[in-house]
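>>> Mind looking at a prediction? Sequence and model below.
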Amino acid sequence: METPKHKLTKLAQLITSLEADTSDTETMVYNLNKLSAEELESVQSYFSGSGIRTFSKTFLQISMASFISGMTVFFFIKFQAELLVLFLGIAYLLACILIFFRSTLKAPTKSFLEIAMNRGKYDRIISLTAIILDERYRKDFQNALKNLLILKNIN
């Protein structure tokens, strides 16, 4: 199921405004109360799934490049007597080193303190969103029960 571009743009604007308001709880609660239940659910699902993806992806690239470089060094030492393997090994080793440095320089890894602070902001948004959704669902359930009781009394 594809999401239309205007909905994604609206969600992106909503998320950036909520991230900016995380320091002031009252403003964040006010802004969250203005949202519909569907928007609250999308915000909650977005912030529940976000976190340290950049760090884990970069760490995965670094570990893979390190493993491949280590295997290349092993094969280079084992087969260095043959000239073709020697040149291919050197080329492959240089390519692995280039990939290793490119992956470390390309996506900056955040410090653990910054990651923890962002996770705290997201958890605050998630908890407030969950509280607001619980209140709204409870009110909807109570209204549905009242309507059901009224209908039974009429019959």
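Thanks, I have the structure now. Numbering: from 1, shown residues only.

>>> Tell me the spacing between Tyr46 and Leu14.
9 Å (CB to CB, to the nearest Å). The way it works is simple: take the backbone N, C-alpha and C, and place the C-beta from them, glycine included.

>>> dump the residue contacts of Glu39.
Applying CB atoms under 8 Å, 6 or more residues apart in numbering, we find Glu39 in contact with 11, 14.

>>> starting at the chain centroid, how far to the helix or strand encompassing Thr9?
Using DSSP states H and E, Thr9 maps to helix 5-20. Centroid separation between helix 5-20 and its chain, computed with CA atoms, centre = their mean, to the nearest Å, is 15 Å.

>>> which helices and strands sit right next to it?
Contact partners of helix 5-20 among helices and strands, from 3 or more CB pairs under 8 Å, 6 or more residues apart in numbering; DSSP states H and E: helix 25-33, helix 37-49, helix 112-154.

>>> Phe100 is nearest to which of those helices?
helix 112-154 (21.7 Å; CB to CB).

>>> just checking, what packs against that closest one?
helix 5-20, helix 25-33, helix 37-49.

>>> wait, which of the ones you listed is closest to Phe101?
When the helices and strands packed on helix 112-154 are compared (using CB to CB), the closest one is helix 37-49, at 30.4 Å.

>>> Which positions in the closest one come out as buried?
By 16 or more other CB atoms under 10 Å, the buried positions in helix 37-49 come out as 39-40, 42-44, 46-47.

>>> Just the endpoints, please. Distance across stretch 10-28?
End-to-end distance for stretch 10-28, by CA to CA, to the nearest Å: 17 Å.

>>> mean confidence score for that stretch?
Per-residue pLDDT values across stretch 10-28 average out to 77.

>>> same thing with stretch 32-48?
Average pLDDT, stretch 32-48: 82.

>>> same thing with stretch 71-87?
On average, stretch 71-87 scores 76.

>>> Make residue 1 into 35 and carry on from there
Got it, the first residue is 35 from now on, which makes the last one we talked about stretch 105-121.

>>> So which residues make contact with it?
By CB under 8 Å, 6+ apart, stretch 105-121 touches 123-124, 126-127, 130.
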